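Participant: This is the structure alone, sequence omitted:
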């Protein structure tokens with residue numbers, strides 16, 4: 001079984017195809033345990049054939065997201081250690097889990113000095129309607145980094161929580177694109193709110 005799990009992880013890492021990701025995600029908790037070894041560097045997948053390094057990064061993100069979504073409880077338990085708290089790959093997995101525990105773990109690292117961690121938080125929180133997620137994203141629209149602001153604005157639009165409207169209306173981004181994103185988020189939230197009220 002261990003060899004099969006390793007082969008499936010290696011195939012997902014090398015190819016990133018929907019079929020390989022599905023087979024990998026079906027490995028269950030044993031797969032999440034092997035993923036922890038992969039993330040902490042104590043295990044490495046089989047050498048991939050000639051694959052562009054950027055594709056390996058994308059494949060890694062995809063395989064983590066696939067198994068986190070398939071095995072949320074195992075993922076939350078197995079990666080519940082301080083050493084994974086600010087690991088970008090783990091944060092990516094948490095972003096695929098629609099669970100209050102994942103939301104809290106993402107929100108608690110919002111103050112990181114690492115802009116990539118803050119960006120992972122902004123992306124990951126966009127999957128869930130939660131007062132914690134909305135409050136964290138509102139904080140991130142004033143982040144010093146443009147990518148963090150961009151993803152926070154997109155996530156607020158996706159969530160559609162009306163409690164973000166005041167902050168979005170006051171937002172004065174440093175460029176026209178961000179001002180447009182804030183306006184799009186306001187429009188999206190207002191349209192969704194109007195639809196809900198009409199129902």
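Facilitator: Right, received. Where do you want to start? Just so it is clear, the model here is predicted, and its values are computed rather than measured. Numbers count the residues shown, from 1 in each chain.

Participant: just checking, residue 165 touches residue 186?
Facilitator: Yes: counting by C-beta atoms under 8 Å, residue 165 touches residue 186, with 6.3 Å between them. Any C-beta I mention is one placed from the backbone N, CA and C, and that applies to glycine too.

Participant: And the helix or strand harbouring residue 149, what does it pack against?
Facilitator: Residue 149 is part of helix 146-159, with elements assigned from DSSP states H and E. Packing contacts for helix 146-159, counted by 3 or more C-beta pairs under 8 Å, 6 or more residues apart in numbering; DSSP states H and E, involve helix 115-124, helix 131-140, helix 176-198.

Participant: Determine the number of other residues adjacent to residue 48.
Facilitator: Other residues near residue 48 come to 16 when the count uses other C-beta atoms under 10 Å.

Participant: Remind me which helix or strand the residue nearest to it when sequence neighbours are not counted belongs to.
Facilitator: Leaving aside its sequence neighbours, residue 48 sits nearest to residue 14 (C-beta to C-beta, 6 or more residues apart in numbering; 3.7 Å). Assigned by DSSP H and E, residue 14 falls within helix 2-15.

Participant: Taking helix 2-15 as reference, get the angle to whichever helix or strand comes after that helix.
Facilitator: For helix 2-15, the succeeding helix or strand toward the C-terminus, using DSSP H and E, is helix 18-25. Interaxial angle, helix 18-25 versus helix 2-15 (axes from the mean of the first three to the mean of the last three C-alpha atoms, to 10 degrees): 150 degrees.

Participant: Show the average pLDDT along the next helix or strand after helix 18-25.
Facilitator: Downstream of helix 18-25, the next assigned helix or strand under DSSP H and E is helix 28-39. Averaged over helix 28-39, pLDDT sits at 96.

Participant: Mind listing what's buried along helix 28-39?
Facilitator: The neighbour-count check on helix 28-39 (16 or more other C-beta atoms under 10 Å) flags 31-36, 38-39 as buried.

Participant: Pull the contacting residues for residue 38.
Facilitator: Under the criterion of C-beta atoms under 8 Å, 6 or more residues apart in numbering, the neighbours of residue 38 are 9, 44-45.

Participant: got it, and residue 40?
Facilitator: residue 83.

Participant: correct me, but residue 125 touches residue 137?
Facilitator: Yes: contact criterion C-beta under 8 Å: residue 125 and residue 137 qualify, at 5.6 Å.

Participant: sorry, back to before: which secondary structure elements does the helix holding residue 14 contact?
Facilitator: On a contact count with 3+ C-beta pairs under 8 Å, 6+ apart, helix 2-15 meets helix 18-25, helix 28-39, helix 53-70.
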